[in-house]
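Colleague: sharing a model that was predicted from the sequence below.
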Amino acid sequence: MLRRLVDVRGEEVRAMLWSFAYFFCLMCGYAILKPLRDAMLVAGSMKLLSTSVTFSITFGAMLVAVPLYSALVARYPRHRVIPYVYGFFLLNLVAFYALMEAGVAPRAVARSFFVWASVYNLFVVSVFWSFMADLFVSEQGKRLFGFIAAGGTLGAILGPLLTARLVKPLGATNLLLVSAALLVVAIVCVKRLTAWAHVASERRPPLVPRNEAPVGGGVFAGFQLMLRSRFLLMLGLQVLLYTVTSTFLYIQQLQLVATHASDTAGRVQAFANIEFWVQGLTLFLQVLVTGRLLDRLGLVTGLLLTPVVTALGFLALAVSPSLAMLTVFRALRSSVHYAIDRPSREVLFTSVDREERYKSKSFIDTAVYRGGDLVSTWLQTGLTGLGLGLAGLALLGTPLAVLWGVVAVYLARHQARAARAHLTVDQVEAQEASAAR
């Protein structure tokens, strides 16, 4: 039955299922935290802060967190680093629980929790995908990453349902312990996957590289490595363009929903309807489409779909800025991104070296991502002040999506050359530069 859904080989089944469970626990745990985070936004009076200032605070927190993570990766091997990172966040959850239960400085704790949750969300997911890229080679990633990503989508769907069911009998603060328990299960999954990789590398060394040594390098290596590699710079630009266009779309969603619904209940219902279609369509694509599409059509198609949908969607919104149009656009764009674009992007990291995989990836997925939020929110504030409306923002998003598509083609072609030669992308670029001389 499982092999009808995904092209998985016998020796990969256990690792794929552990990876599915691992990502499910991470995303379900965060989906439980997210409503509490939003409640903290109000409790901490952060609603008085502008969106731009809030993103600025979060970006600053990222700039502190990334070097600390790089230092950990440089010193310890993989099988210790990942449990250390998750263990740290686990202790954070317990500490927040204790502070909230004791009623210590509620506004300060609320503000801190909001920023912490925004950092936590990106960090744990980035570490997960770094581990996946280290565990599987490019060919395996194309077949398996779509199904593995579906575990996260399922967790994102079930998390809010658990929250709705448990918040009254347990109380809001106790949901932190539920999320912590899921993080413990995620650590168990990491241990099981590490054991599988150890055995598989001995049985089939070409397919499962045994990468257990510390990565090495300096604490600012993620940023430095990105500056030295054209491929990593393009990856950073890809994330930046995705984030900027996402923020433009998010702003339009807020404005259209506010216009469409006059009361809070109506707005909640509108947001819920959009999220339902996004998550449902994403799960369908991840389970039934992603792996086979990437295996047959390749990374160029996988990486191009979201920019194409984005460009066409912004054009449609510029012509008809309605809530119905936005719902269709958002559902298609987000589902294609999470089901196809994100797994495709993770395959790109199977063709970089280990230091780049853990350090540059975490820098791109966290600091560059939140930096994109920061740039786009301040840009939107300025453009709105100049009188640019929904149609203008939509038209601005279209050329950005086109540029994103050009970057996607570049990345896919360079990764394909590296995979064929069994080299890293940097090694291929060095060979090309040498030949050009």
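Modeller: Thanks, I have the structure now.
Colleague: other residues contacting stretch 87-105?
Modeller: With contacts defined as CB atoms under 8 Å, 6 or more residues apart in numbering, stretch 87-105 is touched by 106, 109, 112-113, 116, 120, 123-124, 173-174, 176-177, 179-180, 183-184, 187. Heads up, the C-betas are built off the backbone N, CA and C, glycines and all.
Colleague: hmm, 7 Å instead?
Modeller: Val109, Phe113, Trp116, Tyr120, Val124, Thr173, Leu176, Leu177, Ser179, Ala180, Leu183, Val184 (CB atoms under 7 Å, 6 or more residues apart in numbering).
Colleague: then it to CSV, C-alphas only?
Modeller: Taking C-alpha atoms only, stretch 87-105 is exported to CSV below (Å, rounded to 0.1, in the frame of the first residue of the first chain):
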residue,chain,number,x,y,z
GLY,A,87,16.9,19.8,24.2
PHE,A,88,17.7,23.5,24.6
PHE,A,89,14.3,24.4,23.1
LEU,A,90,12.7,21.8,25.4
LEU,A,91,14.1,23.5,28.5
ASN,A,92,12.9,26.9,27.1
LEU,A,93,9.3,25.5,26.9
VAL,A,94,9.6,24.2,30.5
ALA,A,95,10.9,27.6,31.7
PHE,A,96,8.1,29.5,29.9
TYR,A,97,5.6,27.1,31.5
ALA,A,98,7.0,27.8,35.0
LEU,A,99,7.1,31.6,34.5
MET,A,100,3.5,31.7,33.2
GLU,A,101,2.2,29.4,35.9
ALA,A,102,3.9,31.6,38.5
GLY,A,103,2.6,34.8,37.0
VAL,A,104,6.0,36.4,36.8
ALA,A,105,6.2,39.6,34.8
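Colleague: report the distance from it to the chain centre.
Modeller: How far stretch 87-105 lies from its chain's middle: 25 Å, per CA atoms, centre = their mean, to the nearest Å.
Colleague: can you flag which of the contacts of stretch 87-105 belong to helices?
Modeller: Among the contacts of stretch 87-105, the ones falling in helices (DSSP state H) are Val109, Phe113, Trp116, Tyr120, Val124, Leu176, Leu177, Ser179, Ala180, Leu183, Val184.
Colleague: which PyMOL command selects the buried ones in those?
Modeller: Command for PyMOL, covering only those of the ones in helices among the contacts of stretch 87-105 found buried under the criterion 16 or more other CB atoms under 10 Å:
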select buried, resi 109+113+116+120+124+176+179+180+183
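Colleague: can I get the ones in helices among the contacts of stretch 87-105 in a markdown table with distance to Leu33?
Modeller: Converted to a markdown table, the ones in helices among the contacts of stretch 87-105 look like this (distance: CB to CB, whole Å):
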| residue | distance to Leu33 |
| --- | --- |
| Val109 | 14 |
| Phe113 | 9 |
| Trp116 | 10 |
| Tyr120 | 8 |
| Val124 | 11 |
| Leu176 | 7 |
| Leu177 | 11 |
| Ser179 | 5 |
| Ala180 | 10 |
| Leu183 | 10 |
| Val184 | 15 |
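Colleague: tell me how many other residues surround Val85.
Modeller: Using other CB atoms under 10 Å, Val85 is surrounded by 21 other residues.
Colleague: how about Leu395: what's its closest non-neighbour residue?
Modeller: Ala318 (5.0 Å; CB to CB, 6 or more residues apart in numbering).
Colleague: next helix or strand past the host helix or strand of that neighbour?
Modeller: For Ala318, the host element (DSSP states H and E) is helix 299-319. Counting by DSSP H and E, the next helix or strand C-terminal to helix 299-319 is helix 323-336.
Colleague: I'd like the distance from the helix or strand hosting Ala164 to the chain centre, please.
Modeller: Under the criterion of DSSP H and E, Ala164 resides in helix 138-170. Helix 138-170 sits 13 Å away from the centroid of its parent chain (CA atoms, centre = their mean).
Colleague: for that helix, which positions count as buried?
Modeller: 138, 140-157, 159-160, 162-163, 167.
Colleague: what pLDDT does Pro343 get?
Modeller: Listed pLDDT for Pro343 reads 79.
Colleague: measure it to Gln140 for me?
Modeller: Going from Pro343 to Gln140 by CB to CB, to the nearest Å gives 12 Å.
Colleague: with Tyr97 instead?
Modeller: Tyr97 is 38 Å from Gln140, by CB to CB.
Colleague: so Tyr30 touches Leu122, yeah?
Modeller: No - counting by CB atoms under 7 Å, Tyr30 does not reach Leu122; the two are 10.0 Å apart.
Colleague: so if I had to pick from these two, which one is more boxed in?
Modeller: Set side by side, Tyr30 and Leu122 show more neighbours around Tyr30, with 22 against 18, by other CB under 10 Å.
Colleague: contact partners for the more buried one?
Modeller: So Tyr30 contacts Asn121 (CB under 7 Å, 6+ apart).
Colleague: tell me which residues in the helix or strand encompassing it are buried?
Modeller: If you go by DSSP H and E, Tyr30 is part of helix 13-43. By 16+ other CB under 10 Å, the buried positions in helix 13-43 come out as 15-37, 40-41, 43.
Colleague: what distance separates that helix from the middle of the whole chain?
Modeller: Centroid separation for helix 13-43 versus its chain: 12 Å, with CA atoms, centre = their mean.
Colleague: angle of whichever helix or strand comes after that helix against helix 13-43?
Modeller: Following helix 13-43 in sequence order, the next helix or strand is helix 51-75 (DSSP H and E). Between helix 51-75 and helix 13-43, the angle comes out at 140 degrees (axes from the mean of the first three to the mean of the last three CA atoms, to 10 degrees).
Colleague: picking up where we left off before, quick one: list the elements packing against the helix holding Ala164.
Modeller: Counting contacts by 3 or more CB pairs under 7 Å, 6 or more residues apart in numbering; DSSP states H and E, helix 138-170 packs against helix 13-43, helix 175-203, helix 264-285, helix 291-297, helix 342-348.
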